[in-house]
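Asker: any chance you can model this:
(one chain, ligands or ions: 1)
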Amino acid sequence: MSHHDPTATAAPAPDPTRDPAQDPARDLVARDLVMTYGRSGRSSAAGPPALGGVDVTVRAGESVAVMGPSGSGKTTLLHVLAGILRPTGGQVLWRGRDIARMSDRERTVLRRRDFGFVFQQGMLLPELPAIENVALPLMLDGVSRSEASGRAAALFAPLGLAGLEKRRPGELSGGQAQRVAIARALVARPGVVFADEPTGALDQTTSAEVMQHLTRLAAHTGASLVVVTHDENVARWCHGVLRVRDGRIATGTVAAQASPGSAR
Ligand SMILES: Nc1ncnc2c1ncn2[C@@H]1O[C@H](COP(=O)(O)OP(=O)(O)OP(=O)(O)O)[C@@H](O)[C@H]1O
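Answerer: Below you'll find the model as predicted:
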């Protein structure tokens, strides 16, 4: 699919020696995913499945937009792929293991070490300076404060955030706060970044800036990207689009042959 970069500015160049798409062991693969809410809870009246047998492959280093009408199952799919929700049926294979079969504790560790998350409203901690928000995931994983701060600081300039390290989230614009959230999602060098409506609260110009930074940083670090969005302009930044309808993949145009970062 076409990939346009109307606002190309300074950002880390893709590493030409790296071609993560060539390593299937680093793909995220979902097979026959079924998700029925209410089965395990007190509700006896389970509705139609939110996911009705979905197969998805997110290739290493590839970015995929997940689109579809409200209620079609996009967020459910993202949460199951990311190990936030355990599916009713099916497999989610990541680095040789089935996430769907892991214990809650194992999935918590996996989410912290291997996955990064960007939400619609940054979800930054309001009392912490931007740099500490970014360093926090590393410190929670046992990295020393000085090393975590150094790794966090290195992300500010590439994201156009130089000079804003000490600001608290309330002192940042919406686009700046989302770029801080992108830094936080990528600081631990995750294999996959999941973003649920990352530009939902932003205007079109700011939204394009945020997507540019998100896709470039993901490409630079070799992370795959799964972005739930209602916005075709946001989806255009990704290598491919999965269209979800009534809990099934209606069409998938993931350009498996796309070379990550090649158009950026
Ligand atoms: N926690 C829950 N308990 C019960 N049903 C749920 C729950 N979360 C979602 N659903 C149902 O599952 C279906 C899919 O919801 P989901 O949030 O995945 O859709 P979506 O495509 O992300 O929608 P939107 O674009 O409105 O965010 C819907 O019918 C929804 O009502």
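Asker: for the rest of this, base every contact and every neighbour count on C-alpha atoms.
Answerer: Noted.
Asker: buried stuff in stretch 137-144?
Answerer: 137, 138, 139 (16 or more other CA atoms under 10 Å).
Asker: helices or strands next to the helix or strand encompassing the first one in the packing?
Answerer: Residue 137 is part of helix 130-140, with elements assigned from DSSP states H and E. The helices and strands touching helix 130-140, judged by 3 or more CA pairs under 8 Å, 6 or more residues apart in numbering; DSSP states H and E, are helix 145-153, helix 174-186.
Asker: what are the C-alpha coordinates of the last one, in PDB please?
Answerer: Spelled out, that is helix 174-186. C-alpha atoms of helix 174-186 as PDB (Å, rounded to 0.1, in the frame of the first residue of the first chain):
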ATOM      1  CA  GLY A 174      -1.300  16.700  23.300                       C
ATOM      2  CA  GLY A 175       1.100  15.800  20.500                       C
ATOM      3  CA  GLN A 176       4.200  16.200  22.700                       C
ATOM      4  CA  ALA A 177       2.600  14.000  25.400                       C
ATOM      5  CA  GLN A 178       1.900  11.300  22.800                       C
ATOM      6  CA  ARG A 179       5.500  11.500  21.700                       C
ATOM      7  CA  VAL A 180       6.600  11.000  25.300                       C
ATOM      8  CA  ALA A 181       4.200   8.000  25.400                       C
ATOM      9  CA  ILE A 182       5.900   6.700  22.300                       C
ATOM     10  CA  ALA A 183       9.300   7.000  24.000                       C
ATOM     11  CA  ARG A 184       8.000   5.200  27.000                       C
ATOM     12  CA  ALA A 185       6.600   2.400  24.800                       C
ATOM     13  CA  LEU A 186       9.900   1.900  23.000                       C
END
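Asker: what packs against that helix?
Answerer: Packing contacts for helix 174-186, counted by 3+ CA pairs under 8 Å, 6+ apart, involve strand 115-118, helix 130-140, helix 204-221.
Asker: show residues contacting it.
Answerer: Outside helix 174-186, the residues that touch it by CA atoms under 8 Å, 6 or more residues apart in numbering are 115-118, 121-124, 130, 133-137, 152, 155-156, 159, 161, 169, 193, 198, 201-202, 206-207, 209-210, 213-214, 217-218.
Asker: cutoff 6 Å now
Answerer: The contact list for helix 174-186, computed with CA atoms under 6 Å, 6 or more residues apart in numbering, reads 116, 117, 122, 134, 206.
Asker: from those, which shows the smallest pLDDT?
Answerer: Within those, pLDDT reaches its minimum at residue 122, with 70.
Asker: list the contacts of that one.
Answerer: Applying CA under 6 Å, 6+ apart, the residues near residue 122 are 178, 181.
Asker: name the SS class of it, please.
Answerer: Classification of residue 122 using DSSP: H, G, I helix; E, B strand; the rest coil returns coil.
Asker: phi, psi for it please.
Answerer: Main-chain dihedrals, residue 122, degrees, to the nearest 10: phi 0, psi -40.
Asker: from residue 26, how far out is it?
Answerer: The gap separating residue 122 from residue 26 is 27 Å, by CA to CA, to the nearest Å.
Asker: same deal with residue 224?
Answerer: Taking CA to CA, one finds residue 224 at 9 Å from residue 26.
Asker: looking at those two, which is more packed in?
Answerer: residue 224 (27 against 21; other CA atoms under 10 Å).
Asker: which positions are bridged to that one in the beta structure?
Answerer: With DSSP bridges applied, residue 224 shows beta-bridge pairing to residue 192.
Asker: now do the same contact list for it.
Answerer: Listed by CA under 6 Å, 6+ apart, the contact set of residue 224 reads 60, 61, 62, 63, 192.
Asker: how many other residues sit next to the second one?
Answerer: What it means is residue 61. Residue 61 - counted by other CA under 10 Å - has 30 other residues nearby.
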